[in-house]
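Chemist: A structural model of the following input is requested.
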Amino acid sequence: MSYATYISRSDSGLFYFRLRLPPPVASVLGVKEVRRSLSTKERTEAMRKALSLYEDIHRVEQATRNPGNCLPLPPSLQKYSRRHASARAYQDPRLILEKGLEHYKREHRHLWTEKTAQEVEAIISRFDFGAARKFADIADLNAQAQAWCDGQAMDRPCPEDRTVRVRDAFAQEQPLLLPLPDDDFPVAERIEVSLGKTPYARFDTNDYSVPAQHVRRSLTVFATAQRVRILDGATVVASHPRSYDRGQQIEDPAHIRALEDTKRSARQHRATDALVACVPSVKDLLVQAAAHGYSLGAVTRGLMALLQRYPAQELDQAVRDALARGVPHPNNVLLALDARRHVRGEAPPTPVQLPEHLRSRDVTVQPHRLDSYGQLTERPDDDEPECEPA
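Modeler: Numbers count the residues shown, from 1 in each chain. Take a look at the predicted model:
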C-alpha cells in the first residue's frame, strides 16, 4: 500500500508525518524539517491529519513570499514559536525578508555586492511603507513618508549593531558629523526646454505658460515638489504650482491677458498701417477720434470698407473735409464722399459681384510634370526579349 511521501508508518502501526521545510519556512520556524506523530493507526485519519499539516506549512511559505499578507502561525506550528525568535515575529514583514536575505547571502556570496544591498534595502522599505497604503494627494503621501521615516524607520534595529536602534545610532554619530550649512542645498530638478510657436514650456507631460515674447527660445526649468520655475538665463520669467496630472495646461492669467492684448493690438496696427499708407490724412483723423472717445477699431474698419469702394485720393480728400468740420468719424467721411459724388453727377458706387465660375478663373494652379503618367502605360516586359516557341 502506497502513501504520500511525507507519511510513514512505524513497526507499531502508528503513522508519522515528516517533511523537509523550504528555506524561508525553516528560517521562520527555526527547524529544517517537521517530524511528528499523527497519533493514529487508521490510514484515512492519518491522511486527513497529514494533509491539514501540509496545508499549514504551505500557507506559511506563501506568506513569507508575500509579506503584506502575513497571518498568525497555524495552531499546528505554534509550538515552534517557543523555540525560535523569528517565529514569534512572524507577522513582521521586514524580519521575514531579512531572514530570507541572510539565507540568500550565505548561498550566493559571489553575487552579493554593495549595489545589491542598496536595492534590497529599497525593496524592504517599499514593502514596509508602501504596501496597501492610502493617501489623498502627493502632500499627504509625503507627510506619511516623513512620519514613517521619523518613527518606524528610526525605531528599527541598526543593521551594523542589532542591540541599538537606528535613532540611537544617529544620536551617537551626531557629534562626529560636520554641521550643515545655513543655506539649504538646491534639490530642484533642472532641465532645458525648447519652446515652439506657442508660449508653453513642457515639463513632466504638462504645459506651463510663459510670456509670449519668449517663444522659439531655449529656457531652463527648475522644478521642486511644490513649484515649477522657468528661467531665461538668470531671470525668472514664470512660476507655477507643480501639477502631478498628465496632459494639463497650467496657465498664469497675466500671460494670457498680455498675449490677447498683443494679438489684438497687432491686428489693429496691421489694418491701421495699411490704411495710413494709402490715405495719409487718416492718421490725424484717428488721433482726433481717440480724443473724442470713439472706438479706434470701429473707425478703422469703417475706413477700410470705404477704401474698398472709393479711390484712395478721393477718400483722402473726404477725410480732410471731415477733419475741417471737426467730426472725425467714418459716417462724416461717407457724407463728404456722397457730397463730392453728387457735385460731379456720378452714380453711387456699387460693389461688383462676380459669379463663381469667373472667380475660379483667377485661381493659380501649379502645373506639374506629366512624364510620370507615361509610366502607367509601360509594361514590365517591354524591354525583355520575346521567347520563340521551340
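Chemist: break the chain down into its domains, please.
Modeler: The record's domain parsing of the chain by automatic domain parsing lists 7-106, 136-175, 189-251, 257-344.
Chemist: turn those domains into a markdown table, including mean pLDDT.
Modeler: A markdown table is the format used below for those (pLDDT from 0 to 100):
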| stretch | mean pLDDT |
| --- | --- |
| domain 7-106 | 71 |
| domain 136-175 | 84 |
| domain 189-251 | 91 |
| domain 257-344 | 83 |
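Chemist: what's near enough to touch E314?
Modeler: 337, 340 (Cβ atoms under 8 Å, 6 or more residues apart in numbering). For the C-beta atoms, the positions are set from N, CA and C on the backbone; glycine is no exception.
Chemist: can I get the CA coordinates of the helix or strand that contains it in CSV?
Modeler: Per DSSP states H and E: E314 is located in helix 312-325. What follows is helix 312-325, C-alpha atoms only, in CSV (Å, rounded to 0.1, in the frame of the first residue of the first chain):
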residue,chain,number,x,y,z
ALA,A,312,-7.5,106.5,-52.2
GLN,A,313,-7.2,110.1,-53.5
GLU,A,314,-11.0,110.6,-53.2
LEU,A,315,-11.0,109.1,-49.7
ASP,A,316,-8.1,111.3,-48.6
GLN,A,317,-9.9,114.5,-49.6
ALA,A,318,-13.1,113.4,-47.8
VAL,A,319,-11.1,112.7,-44.7
ARG,A,320,-9.7,116.3,-44.9
ASP,A,321,-13.2,117.7,-45.2
ALA,A,322,-14.4,115.7,-42.2
LEU,A,323,-11.5,117.0,-40.1
ALA,A,324,-12.3,120.5,-41.2
ARG,A,325,-15.8,120.1,-39.9
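Chemist: which positions in it come out as buried?
Modeler: Residues of helix 312-325 classed as buried: 314-319, 321-323 (neighbour count, 16 or more other Cβ atoms under 10 Å).
Chemist: show the backbone phi and psi for T163.
Modeler: Main-chain dihedrals, T163, degrees, to the nearest 10: phi -80, psi -10.
Chemist: now for it, how many residues are close by?
Modeler: If you count neighbours by other Cβ atoms under 10 Å, T163 ends up with 7.
Chemist: what about it, distance to L337?
Modeler: 104 Å (Cβ to Cβ, to the nearest Å).
Chemist: next one: P159
Modeler: The value you get for P159 to L337, if Cβ to Cβ is used, is 95 Å.
Chemist: where do the helices sit along the stretch 101-250 of the chain?
Modeler: 114-125, 138-150, 152-155, 166-173 (DSSP state H, counting those that start in this stretch).
Chemist: right, I mislabeled it, should have said the stretch 251-390 of the chain
Modeler: Secondary structure of the stretch 251-390 of the chain (DSSP H, counting those that start in this stretch): helices at 253-278, 282-292, 296-309, 312-325, 330-344, 356-359.
Chemist: same list, the ones you listed, but as a markdown table with distance to D56 please.
Modeler: Below are these laid out as a markdown table (distance: least, Cβ to Cβ, whole Å):
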| stretch | distance to D56 |
| --- | --- |
| helix 253-278 | 65 |
| helix 282-292 | 93 |
| helix 296-309 | 86 |
| helix 312-325 | 102 |
| helix 330-344 | 97 |
| helix 356-359 | 89 |
